[in-house]
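**Student:** coordinates only, no sequence provided:
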């Protein structure tokens, strides 16, 4: 299970990176086409969706490498036993909070699907696919937090 | 319950959980969620959370951040730092402290295509430190020069931190980029002067190496011309924004593509692995930064409902002291928080509250961001959590205390630059005011 979640996280980060390079190319194509008065419609919206996808699909990968910002200097001053207790408590709080946020996101994505929510612009796009990607990213992030809690529990004092 | 009291309790709880080790983003969401549940109700708090997770970043203008992070990731692995350092060293050869001055200007040149301070400090740590050791430079002098010069990347565009500022303060990314150019160059000059004077007064700190006497004026000329790829890329990016040919997003895309192409030409990015690791790094950094932004925006909605920012603004506006005293207090808060919290997080925490207050006191928004960025540079190198100092100590296999000892004279240089920015705000405002 741990290997599966971590594999998903690695794949997500890499796919997001490649998608970002596609956005980079699209934006350059748009600049070139605009020079000849034929701009590519909807590039800004696609870039935005990819960026949102990159953020949420990258959350789990970031947690996998313990990359999320936290202040560790105060906890590190405690004796090892209290450090461990503190870290377990922190992970439990994080799991509950991100679990609730994931539920809120799933709820929002479902409502978006039911209402056929979309964005208006030169090209109209439905919103629910990106919102489901966001919900999935949050769920994978929650799973990675649970894995990190498990690792913390198994770590010797 | 009294709204203001609830807001204050929220801020206290936020800081307590933060120092207990909770992730910054999670902390913002947790306190915001509980606070809004108490203020309104749980259903509304959840609904607002679901909306904020999307709406906080649902703007095409935010794409600028991952694109410039990608540009920096390609630049870090594409051999540009080596190019900048080798050429600037030849240009500065024979000057007292030549290697340190080359590091300062080399970092400034490299920062014009890479917006990450940690990347700049670690790359130059790997490049410059072994050379400085070979030339018998003093350890603390060398480490201090590298750590401080690495911090330029956040002031000289394209700066990732300025993009964050633009998001939090709703200022133009292009204007902020332009505002950072002159203060960045000024800092490089002040640092170099300090390195030169110290090397001149105390030659044992940075002895001149016999190899430097072999450099001819022709070599210097060649080295100057050799910087053309970096000058070209940064000119396209900044010039494109300045003249209005590109939007900031497009400039990021063009810059990332340019660094990739030059990386391919120089051969450093011809293998797939460095490209893949650049892409993974971009995804990871983007996720980390944006999660703080999203969570901070949710928290600031709770805070706005408690009226704490408005009450604070009213109090400070009615406080019968000179506005510079208020600003000095803000600087002290940023400086102290910057010593213990990651810089991006400090601004996520404080800008939504402090920025409107400073603007209402009559300060120019772009200038405020430049001053905040100077403090951000200082925070990256001061103990106990100067992140650049730790990164540099890691790559050079040195003790972090030696780095902290070495940065002390440069903090004085930063204070001088801050005073100059206060005395002549046009240093920061001239270029943005003349943007097309």
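**Tutor:** Sure, I can see it. Given the structure is predicted, the values throughout are model-derived calculations rather than measurements.
**Student:** and the residue in the stretch 151-300 of chain B positioned nearest to chain A, helix, strand or coil?
**Tutor:** Residue of the stretch 151-300 of chain B nearest chain A, by CB to the nearest CB: residue B:279 (2.5 Å). C-beta here means a position set from N, CA and C on the backbone, and glycine is covered the same way. The three-state assignment at residue B:279 reads helix, by DSSP: H, G, I helix; E, B strand; the rest coil.
**Student:** residues contacting the residue lying closest to it once chain neighbours are set aside?
**Tutor:** Nearest residue to residue B:279, sequence neighbours excluded (CB to CB, 6 or more residues apart in numbering or on different chains): residue A:17, at 2.5 Å. Counting by CB atoms under 8 Å, 6 or more residues apart in numbering or on different chains, residue A:17 touches A:54, B:70, B:276, B:278, B:279, B:280, B:282, B:283.
**Student:** the fifth one touches residue A:19, doesn't it?
**Tutor:** Yep, that's residue B:279 we're talking about. No. Using CB atoms under 8 Å as the test, residue B:279 is too far from residue A:19 to be in contact (9.2 Å).
**Student:** wait, a strand at residue A:18?
**Tutor:** No. Using three-state DSSP, the secondary structure at residue A:18 is helix, not a strand.
**Student:** pLDDT score for it?
**Tutor:** Confidence at residue A:18, expressed as pLDDT, is 89.
**Student:** what's the answer for residue B:26, then?
**Tutor:** 94.
**Student:** pretty sure it sits against residue A:96.
**Tutor:** No. Assessed by CB under 8 Å, residue B:26 is found out of contact with residue A:96, at 9.5 Å.
**Student:** those two: which is more packed in?
**Tutor:** residue B:26 (26 against 14; other CB atoms under 10 Å in any protein chain shown).
**Student:** what about the host helix or strand of the more buried one, near chain A?
**Tutor:** Assessed by DSSP states H and E, residue B:26 sits inside helix B:24-39. Yes. Under the criterion of CB under 8 Å from any CB of the partner chain, helix B:24-39 makes contact with chain A via B:24, B:25, B:26, B:29, B:30, B:33.
**Student:** tell me the contacts of the first one?
**Tutor:** Right, residue B:24. Contacts of residue B:24 by CB under 8 Å, 6+ apart are A:68, A:69, A:70, B:18, B:292, B:295, B:341, B:342, B:345, B:348.
**Student:** identify those among these that sit within helices.
**Tutor:** Within the contacts of residue B:24, residues falling in helices by DSSP state H are B:18, B:292, B:295, B:345, B:348.
**Student:** excluding its backbone neighbours, what's nearest the most centrally placed residue in chain B?
**Tutor:** Among the residues of chain B, the one closest to the centroid is residue B:154, at 2.4 Å (CA atoms, centre = their mean). Distances taken as CB to CB, 6+ apart place residue B:161 nearest to residue B:154, at 4.4 Å, with adjacent residues excluded.
**Student:** okay, which residue of chain A is out on the far edge from center?
**Tutor:** Distance to centre of chain A, CA atoms, centre = their mean, peaks at residue A:36 (37.1 Å).
**Student:** relative to residue A:20, how far out is the one residue in the stretch 51-200 of chain B that gets nearest to chain A?
**Tutor:** Relative to chain A, the nearest point of the stretch 51-200 of chain B is residue B:60 (3.9 Å; CB to the nearest CB). From residue B:60 across to residue A:20, the span is 14 Å (CB to CB, to the nearest Å).
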